[in-house]
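Visitor: pasting the sequence and the predicted coordinates here, then a few questions.
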Amino acid sequence: MDIDKTMIFVSMIILVGVLGIAGISSGEFGLPDMSSDLKIPQINAGTNTNNDAYFEYCYRMGYEC
């Protein structure tokens, strides 16, 4: 009975290995190219920090702050 449980895990490991190799070789789930000319773009959020959000919230909600 123990050999049956062990073989289930062994067959799962083999299945995951075969499917992993097939997936990587198909090109769908490949590793990214790690070249030296890889540039990370600068991202500017473009947020406006000139206003006071607390008082703007109070004004729009009609509260006295």
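Guide: Ah, there it is.
Visitor: could you pull out the helices in the chain for me?
Guide: Remark: helices assigned in the chain by DSSP state H are 2-26, 53-61.
Visitor: rank those helices by pLDDT, which is bottom?
Guide: By mean pLDDT, the lowest-scoring of these turns out to be helix 53-61, with a mean of 85.
Visitor: buried ones in that helix?
Guide: Using 16 or more other CB atoms under 10 Å as the test for burial, helix 53-61 gives no buried residues. Where you see a C-beta, it was placed from the backbone N, CA and C, and this is true even at glycine.
Visitor: now render the helices of the chain as TSV, adding distance to residue 44.
Guide: Putting the helices of the chain into TSV (distance: least, CB to CB, whole Å) gives the following:
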stretch	distance to residue 44
helix 2-26	36
helix 53-61	19
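Visitor: closest one to residue 43 among the ones you listed?
Guide: Smallest distance to residue 43 across those (CB to CB): 21.7 Å, for helix 53-61.
Visitor: what about dumping the CA coordinates of the closest one to PDB?
Guide: Once non-C-alpha atoms are left out, helix 53-61 reads as follows in PDB (Å, rounded to 0.1, in the frame of the first residue of the first chain):
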ATOM      1  CA  ALA A  53      -5.800  67.100  -0.300                       C
ATOM      2  CA  TYR A  54      -7.200  67.300   3.200                       C
ATOM      3  CA  PHE A  55      -8.800  70.800   2.700                       C
ATOM      4  CA  GLU A  56      -9.900  69.900  -0.800                       C
ATOM      5  CA  TYR A  57     -11.700  66.800   0.600                       C
ATOM      6  CA  CYS A  58     -13.400  68.900   3.200                       C
ATOM      7  CA  TYR A  59     -14.500  71.500   0.600                       C
ATOM      8  CA  ARG A  60     -16.000  68.800  -1.700                       C
ATOM      9  CA  MET A  61     -17.800  67.000   1.100                       C
END
